[in-house]
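In: okay, here's the prediction I keep looking at, along with the sequence it came from:
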Amino acid sequence: MLTEYIDSTERAARIIREGGLVAFPTETVFGIGVDATNGDAVARLFEAKGRPSNNPLIVHLDDGGHWPRAASELPMVAELLLDVFWPGPLTVVLPKLPAISDQVTAGLSTVGVRVPDHSIAREILRSAAVPVAAPSANRSGRPSGTTWQAVAEDLDGRIDAIFTADSTTIGIESTVVDCSGPLPVLLRPGAITLQQLQRVAPETKDFRAGDKRQVVASAEQVNSPGILHPHYQPSAKVRIVEVPPTGVSVGASAVSAFCGLEGGAGIDAFALSRIFGSIEEYAAGFYEFLREVDRQSCEMVFVQAAPGDGIGPALRDRQRRAAGG
Ligand code: AMP
Ligand code: MG
């Protein structure tokens, strides 16, 4: 398949309406958009990504008022959350509308829904006028695409079009909250923190904090399926460290990389290193750094653990998974 490189939101919307696959930017990471009501198109998307069919996709809308295009019901707690956090990096899991393809939701009776805070994304979604399922724009298991060039690296020849826009600002995927049961449950950490959610919905629980089967109220094996699959992994081995390593032998550092918030003695010996100026910049640049590690054929990357505040826990979650944990 010949991939078109485009910069027209109209063109992108048209390809999606006609059943094609288009990568476009959001504020979190690039997504591959597909008409969520078109089962054949959704099947092609799973194929293009090499994504396991039991990993559900998030449906994207241009406006919060359009939730009835994806969900059958808007529980009160979801309404409170989306009033505050939409448009933005928050996905709410709601009872599914039958029109959404079962392949999108991996057969679950719930659907993840989000309104991105990105003018190009929203313009494409507005003009497509269909609910758009959009997983991260990368081959399954790889670090998510945060630049159009990274998207091209993984998906050129496998999808219909790539929108050539600036790199994404947040750099890690949305916070996911299950609102389909009696208590909201944080399934995946993101830029919107548990504390922010609890300010609006104090009863919000962390998935990790309890027995998932009991906390997740929808009684299905929700398990935020993404947790089960390998994710965000470069070819290089990833090692999480609390402080920059000093004792790496010269031979090893020549084929190793380091990224983190602090430098220190020994950093210059690495084949590739990047010190980020803030936790936000670290999150925004993390996946692209992992990709650069692979481009430069490093065998190992030392990753300084993200600290606990703000987007830190979300970045730490991605670091853990990049390391295979
Ligand atoms: P990605 O598209 O790669 O950002 O992954 C989307 C993730 O959202 C999935 O891996 C799940 O963790 C989560 N998700 C999407 N839909 C649902 C749902 N209906 N129930 C629970 N988690 C969901
Ligand atoms: Mg992904």
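Out: Ah, there it is. Ligands and ions are numbered 1, 2, ... in the order given.

In: interface residues of the stretch 1-150 of the chain facing ligand 1?
Out: When proximity is defined as C-beta under 6 Å from any ligand atom, the stretch 1-150 of the chain approaches ligand 1 at 55-58, 93, 105, 108, 110-112, 135-136. For glycine as for every other residue, the C-beta is placed from the backbone atoms N, C-alpha and C.

In: mind listing the helices for the stretch 101-250 of the chain?
Out: In the stretch 101-250 of the chain, the helices defined using DSSP state H, counting those that start in this stretch lie at 119-128, 148-155, 194-200, 212-215, 250-253.

In: let's have those in CSV, adding mean neighbour count and mean pLDDT.
Out: Converted to CSV, the helices of the stretch 101-250 of the chain look like this (neighbours: other C-beta atoms under 10 Å; pLDDT from 0 to 100):
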stretch, mean neighbour count, mean pLDDT
helix 119-128, 21, 98
helix 148-155, 21, 98
helix 194-200, 16, 98
helix 212-215, 14, 42
helix 250-253, 13, 64
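
In: can you lay out those helices as JSON lines showing distance to Val303?
Out: Converted to JSON lines, the helices of the stretch 101-250 of the chain look like this (distance: least, C-beta to C-beta, whole Å):
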{"stretch": "helix 119-128", "distance to Val303": "29"}
{"stretch": "helix 148-155", "distance to Val303": "18"}
{"stretch": "helix 194-200", "distance to Val303": "23"}
{"stretch": "helix 212-215", "distance to Val303": "26"}
{"stretch": "helix 250-253", "distance to Val303": "15"}
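
In: tell me the angle the longest helix seen in the chain makes with helix 148-155.
Out: The residue-count maximum for a helix in the chain (DSSP state H) belongs to helix 279-295. With axes from the mean of the first three to the mean of the last three C-alpha atoms, to 10 degrees as the basis, helix 279-295 and helix 148-155 are set at 40 degrees to each other.

In: how about stretch 156-168: buried residues?
Out: Under the neighbour-count criterion of 16 or more other C-beta atoms under 10 Å, stretch 156-168 has 158-165, 167-168 buried.

In: ugh, wrong one, I meant stretch 52-66
Out: For stretch 52-66, using 16+ other C-beta under 10 Å, the buried residues are 55-62, 64, 66.

In: any stretches of the stretch 201-325 of the chain with poor pLDDT?
Out: Low-confidence segments of the stretch 201-325 of the chain, defined by pLDDT under 70, span residues 208-228, 247-253.

In: where's the residue nearest the centre of the chain relative to Ala134, distance?
Out: Geometric centre of the chain, nearest residue: Glu173, 2.8 Å, by C-alpha atoms, centre = their mean. Remark: distance between Glu173 and Ala134 (C-beta to C-beta, to the nearest Å) = 11 Å.

In: now do Asp40
Out: 17 Å.

In: what does Ala165 give?
Out: Using C-beta to C-beta, Ala165 is found at 14 Å from Ala134.

In: swap in Asp102?
Out: Separation of Asp102 from Ala134 (C-beta to C-beta) stands at 17 Å.

In: who's more crowded, the two?
Out: Neighbour totals were compared for Asp102 and Ala134, and Ala134 leads with 29 against 14 (other C-beta atoms under 10 Å).
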